[in-house]
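Student: Compute the structure for the input listed below.
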Amino acid sequence: MKEFKFELSLSVLNHLGRNLYRNFITILGEAVSNSWDADANNIKIHVDSTTKCMTIIDDGIGMDAEDFQERFLTVGYSKRDGGLYKTQKGRPFIGRKGIGKLALLSCSKRVHIVSKKKGSDLIGGTIDNSSLDEAISKGRVSGEYALEEVDEEIAGILNSMESGTIIRFESITVDKFNSIEFIRASMALHFQFSILDPNFKVYVNGEVVGLGDLIEFTNKTQIIWNVGNFKSDFFSAIDQSEEKVANFSVSLDIAGLTGFLATVSKPSFLKIRGLEGERATLDLYVNGRLRERDLLKHFPTMRIVESYTYGQIHYNDLDNSATGEDVFTSSREGILLSNPKTQMLIKELDKIFRAMMDEWDRVRVNMREVGDPEGSAIAKPQERKARELYDQISKSDGRNKRGHKTDKRQDPKTNKDKIDGWDRELSEEAGFNLSSYAEIYRSENLFRKYIEEKGFDLSSESKEINEQRTKEKKACARANINFEIRKCDTDLHYLGMRNFVSIISKSQKTDLQLNLDNSSLAFKPMRDAVAHTCLLSENAKNRLINEHENMKALLGKLLDGFEKADRSNAAEMVQTGMDQILKNNKPDNVVQL
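Tutor: Predicted coordinates:
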């Protein structure tokens, strides 16, 4: 009987590799991950923007001819198939499906691969994407496409090395590859392999990638939370002074879950230098490699703190080699949400983040920054807004910013700290008291509007008006102020609530007079206290709010009564007019009843 064999069309390469991986950093990440799996200590990336070439050299264990053909060039081969889950150095394998290597075909016209295993000869070949395209168009199968010969210049680089692998991308076709800053920042952000092995280093054009590539970003961190006693070089580089460290009031239900959450002082600070259009997010790392960006998208809270947050969540157990279960998408750029383990992780992170939100609000308020309107640090919205207003006014005091020098002899640090402490205390009180001022402002100006609307006579209060005007002019003269200090200088603005009640009572007789008198009497002592910048008690503040509502209701009744009086007066005038007409035209024979 004729022997048959299973053959794979080369077009599969497009679906599994060249068309699957579109993100350049993901492509670069596959090369870095291969070097990690090969137990390399050093990966050297050289970018030549002039020739549009990039070369990656590692000092890993390398490959011999058999490894290159049976493992590297065999699509679907996984290092884990033989039951191995770790490298000889004990590193967890990153590769799983055996198709990540195809990503290398998707970013350049030609790919050169050269490798050397200890005690073996140099091996390798070149993949030309144009000739591969031709083979695919002719419907050829995998066994009918042969790699081109090894480039001698590239092969010569390995001569001085005991083992290692070189991959050169020629005529790169993707954007941003020639931005050294972009590559360095991406490598620093996307790979945290040093947590597992501090000897693992990545170089770009001769300089090691490190925390310095993200230092501007880490310096803008304002508040941090540690999850599961997390430790890393990146985390340690963030300023962790006492006022920046916050705590969780939540227990972890998933063993092995670690990381940190952090917030910046302004959302714009999440933009990472060198990564155009990209911002830092709360990301998931598994065995040191970024596996999911922006975890918050899986449990959106619609709270303002989301736009301030970034961080790292490390959960190595998500890639459990022993079960053979794969929780990552084929493109290796995300996690499968259908998996029960990832569902449990998202649920846990949702709980952690919600516990963080109220703490963020509390810390931000104490720092005199805008917090979360839905937070619990300040219960009443009007007090929150008043306190924020006070803090913004305080920050806008730019005397020193305008170039005025501070005399250290007159303002030593101890005194400055003391004054700053007083200012912080006033910030807390301001949220309580500025809202009281707003109640007073609204109440008195509502009555001004009413009196202006009705055109009531102010002559009864002329003495008070003249006295206040004279007093103000004298005060301005003593202070050598020769400009107008009031935006509105009408007579009504020199009067207060008691005057308004008096004007209304003289101009409009009403049975609401007693209520007006009572409200104005209760209003005055609280108004005077706030006018003298005193802090009201809770009872006084609540009474002031109640009196404001009472006055609004009384104004409504006054307006309603005034309109009824107008209608009644009009009807009386009509009736009088009719009576006069009848009287003047009454016939002599009409008998008056």
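Student: Give the rounded mean pLDDT of stretch 243-258.
Tutor: Across stretch 243-258, pLDDT averages out at 83.
Student: What residues sit buried inside it?
Tutor: Lys244, Ala246, Phe248, Ile254, Leu257, Thr258 (16 or more other Cβ atoms under 10 Å). For the C-beta atoms, the positions are set from N, CA and C on the backbone; glycine is no exception.
Student: Give me the contact list for it.
Tutor: 221-230, 313-317, 344-345, 348, 351-352, 355-356, 359-360, 363, 367 (Cβ atoms under 8 Å, 6 or more residues apart in numbering).
Student: try it again with 6 Å
Tutor: Residues from elsewhere that reach stretch 243-258, judged by Cβ atoms under 6 Å, 6 or more residues apart in numbering: 223-225, 227-228, 230, 314-315, 317, 348, 355, 359, 363.
Student: And stretch 58-66, by the same measure?
Tutor: By Cβ under 6 Å, 6+ apart, the list of residues contacting stretch 58-66 from outside reads 35, 38-43, 115-117, 120, 123, 163-165.
Student: Ok, stretch 549-557 next?
Tutor: Residues contacting stretch 549-557 (Cβ under 6 Å, 6+ apart): Ser443, Tyr450, Leu512, Asn515, Ser519.
Student: And the buried ones among those residues, selectable in PyMOL?
Tutor: Provided next is the PyMOL selection string for whichever of the contacts of stretch 549-557 are buried by 16+ other Cβ under 10 Å:
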select buried, resi 443+450+512+519
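Student: Which one of the contacts of stretch 549-557 is nearest to Pro300?
Tutor: Nearest to Pro300 out of the contacts of stretch 549-557 is Ser443 (Cβ to Cβ; 41.4 Å).
Student: circling back to that earlier point, helices - which of the contacts of stretch 549-557 land there?
Tutor: Judged by DSSP state H, the subset of these located in helices is Ser443, Tyr450, Asn515, Ser519.
Student: wait, isn't the last one in contact with Glu547?
Tutor: Just to be clear, that refers to Ser519. Yes - in terms of Cβ atoms under 6 Å, Ser519 counts as a neighbour of Glu547; the distance is 5.2 Å.
Student: what's around Glu538, how many residues?
Tutor: By the criterion of other Cβ atoms under 10 Å, Glu538 has 8 neighbours.
Student: hmm, I was thinking of Thr173
Tutor: By the criterion of other Cβ under 10 Å, Thr173 has 13 neighbours.
Student: and if you look at Asp560?
Tutor: Neighbours around Asp560, by other Cβ under 10 Å: 10.
Student: about what we covered before: mind putting the buried residues of stretch 243-258 in CSV, secondary structure and distance to Lys271 included?
Tutor: Below are the buried residues of stretch 243-258 laid out as CSV (DSSP: H, G, I helix; E, B strand; the rest coil; distance: Cβ to Cβ, whole Å):
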residue, secondary structure, distance to Lys271
Lys244, helix, 20
Ala246, strand, 23
Phe248, coil, 27
Ile254, coil, 31
Leu257, coil, 28
Thr258, strand, 26
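Student: Which residue ranges of the stretch 1-150 of the chain form helices?
Tutor: Applying DSSP state H, counting those that start in this stretch to the stretch 1-150 of the chain gives helices spanning 12-13, 24-37, 65-67, 129-137.
Student: Any idea how far the second one is from the middle of the chain?
Tutor: Distance, stretch centre to chain centre, for helix 24-37: 29 Å (Cα atoms, centre = their mean, to the nearest Å).
Student: Export it to PDB, keeping only CA atoms.
Tutor: This file holds the C-alpha atoms of helix 24-37, laid out as PDB (Å, rounded to 0.1, in the frame of the first residue of the first chain):
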ATOM      1  CA  PHE A  24       6.800  45.400  17.300                       C
ATOM      2  CA  ILE A  25       7.500  45.100  21.000                       C
ATOM      3  CA  THR A  26       5.700  41.700  21.100                       C
ATOM      4  CA  ILE A  27       7.900  40.600  18.200                       C
ATOM      5  CA  LEU A  28      11.000  41.800  20.000                       C
ATOM      6  CA  GLY A  29       9.700  40.200  23.200                       C
ATOM      7  CA  GLU A  30       9.600  36.800  21.500                       C
ATOM      8  CA  ALA A  31      13.300  37.100  20.700                       C
ATOM      9  CA  VAL A  32      14.100  38.200  24.300                       C
ATOM     10  CA  SER A  33      12.000  35.300  25.700                       C
ATOM     11  CA  ASN A  34      13.900  32.800  23.500                       C
ATOM     12  CA  SER A  35      17.200  34.100  24.900                       C
ATOM     13  CA  TRP A  36      15.800  33.800  28.500                       C
ATOM     14  CA  ASP A  37      14.800  30.200  27.800                       C
END
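Student: Quick check: mean pLDDT of it?
Tutor: Averaged across helix 24-37, pLDDT comes to 83.
Student: could we number from 49 for the rest of this?
Tutor: Renumbered: residue one is now 49, and that last one reads helix 72-85.
Student: Which strands or helices does that helix pack on?
Tutor: Using 3 or more Cβ pairs under 6 Å, 6 or more residues apart in numbering; DSSP states H and E as the contact test, no helix or strand touches helix 72-85.
Student: Let's verify Leu309: helix, strand, or coil?
Tutor: strand (DSSP: H, G, I helix; E, B strand; the rest coil).
Student: That one contacts Gly359, correct?
Tutor: Yes - using Cβ under 6 Å, Leu309 is in contact with Gly359, at 4.0 Å.
Student: what residues go with each domain of this structure?
Tutor: In terms of domains, the chain is parsed into 60-226, 260-414 (source: automatic domain parsing).
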